[in-house]
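Undergrad: Here's my sequence, what's the structure:
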Amino acid sequence: MQITLIVAKAKNNVIGKDNQLIWKLSSDLKRFKTLTSGHYILMGRKTFESLGKPLPNRTHLIITRNSDYQVPEGHYAFQSVEEAFIFCNKKDIEQLFIIGGGQIYEETINMCDCLEITEVEAEPKGDTFFPEINPKIWKEVERESFPADEKNEFAFDFVTYEKIKN
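TA: Below you'll find the predicted structure:
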């Protein structure tokens with residue numbers, strides 16, 4: 001199974017505040033949709049609840065400590081990341097996307113094969129952070145830069161990192 005982490009993060013590693021996104025980046029949302037459509041996406045309960053409803057054309061795997069947590073039909077809840085990974089392996093899932101939040105990123109970053117990062121040219125205040133990307137583990141393999149415009153509040157880069165093979 002290929003595990004890809006996807007996130008938009010500021011220069012100061014802020015990824016959110018009050019369980020919400022903190023910028024308007026239409027291009028990032030389009031890229032997220034393109035990359036994750038048709039795939040399984042793993043997230044924490046707060047991230048799932050912040051979506052309002054399941055994203056179309058994706059199967060949601062929600063991590064929650066609440067064993068009675070109810071999820072919509074066709075989506076799944078687990079009490080740990082490990083349980084979700086076991087489920088994916090049993091179902092022979094080819095591609096899994098990790099979509100947040102901060103605690104889930106912290107827990108899974110070193111289990112991933114690839115990082116799809118939108119680096120936002122901003123340093124907002126926030127309460128949720130992305131972990132540091134360790135250059136001994138991750139190698140940048142692609143970068144595309146974009147200026148701010150009427151649909152994108154800040155300049156940003158799409159950056160792909162691959163895990164360094166030992």
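
Undergrad: residues touching the most centrally placed residue in the chain, list them.
TA: The centre of the chain sits closest to residue 99, judged by C-alpha atoms, centre = their mean, with a distance of 2.3 Å. Residue 99 sits next to 6-7, 32, 36, 41-43, 47 when contact means C-beta atoms under 8 Å, 6 or more residues apart in numbering. Yep, even glycine has a C-beta here, placed from its N, CA and C like the rest.

Undergrad: all strands of the protein, in order?
TA: Listed in chain order, the strands of the chain (DSSP state E) span 2-10, 14-16, 40-44, 59-63, 76-78, 95-98, 114-120, 128-129, 138-146, 156-163.

Undergrad: In CSV, list those along with distance to residue 70 and mean pLDDT.
TA: Compiled in CSV, the strands of the chain are given as follows (distance: least, C-beta to C-beta, whole Å; pLDDT from 0 to 100):
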stretch, distance to residue 70, mean pLDDT
strand 2-10, 26, 98
strand 14-16, 24, 96
strand 40-44, 16, 98
strand 59-63, 10, 98
strand 76-78, 8, 98
strand 95-98, 22, 98
strand 114-120, 30, 98
strand 128-129, 25, 96
strand 138-146, 37, 98
strand 156-163, 35, 98
